[in-house]
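Novice: Got a sequence here, can you model it:
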Amino acid sequence: VLLDDMADVVISDDEKTAVREGISQFEFGASPTGKKLAVTLLQRLNTQLLMDIGSKEKTVSDNFVEHILPTNTYRKYWSEQWPDEEIKDAWTHKIGNLALMSRKSTAKESNNVFGEKKDRYKKETAPLTQDVADIDTWNKYALAENHGKHLGLIGKIWGL
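Specialist: Numbering: from 1, shown residues only. The predicted structure is shown next:
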């Protein structure tokens, strides 16, 4: 379908709400395909931020995502920050819990405590990943706020 053919397409408020909710609830980090979608989406969101600040860099080409709250939370730190397994499971694979990375993380890096992850995030090129490094504690409140930030950017870019 050519973009010109879609010029007259109008999306209703109900449809916009359904798309926002679908993106909000989708578990991007749960499958290889979801992670590929997350990479593409996060690249676009980060590119928008770079354009907004007038950066010379106009694109973000990082190609990996890392769960900020790891899928494997065996370390005491994570069980203290996320004592409720049900809440943890509900948030683990959401777009707000994924950081765009320039290289694939090792298993050790992925499972590190948040303070150690922050040091790596500061060095990344993606603005949303760098922003995570400014957060003190990665708990349900920080994750929900980050998730909302992502959804806000999606709304801004695509008028949702």
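
Novice: what are the phi and psi values for the residue nearest to N111 when sequence neighbours are not counted?
Specialist: Of all residues not flanking N111 in the chain, P70 sits nearest, at 4.8 Å (Cβ to Cβ, 6 or more residues apart in numbering). Heads up, the C-betas are built off the backbone N, CA and C, glycines and all. Dihedral pair for P70: phi -70, psi 160, per degrees, to the nearest 10.

Novice: For G96, see how far away P70 is.
Specialist: 15 Å (Cβ to Cβ, to the nearest Å).

Novice: For the longest helix seen in the chain, buried residues please.
Specialist: Longest helix of the chain, by residue count under DSSP state H: helix 32-52. Buried residues in helix 32-52, counted by 16 or more other Cβ atoms under 10 Å: 34-35, 37-39, 41-43, 45-50.

Novice: likewise stretch 107-122?
Specialist: In stretch 107-122, counting by 16+ other Cβ under 10 Å, buried: 110-112, 114, 117-118, 120-121.

Novice: Equivalent analysis for stretch 79-90, please.
Specialist: Buried, per 16+ other Cβ under 10 Å, within stretch 79-90: 81-82, 88.

Novice: gap between it and the chain center?
Specialist: 18 Å (Cα atoms, centre = their mean, to the nearest Å).

Novice: and for that stretch, what are the contacting residues?
Specialist: 69, 73, 114, 137-140 (Cβ atoms under 8 Å, 6 or more residues apart in numbering).

Novice: a strand runs through E66, doesn't it?
Specialist: Yes: counting by DSSP: H, G, I helix; E, B strand; the rest coil, E66 is located in a strand.
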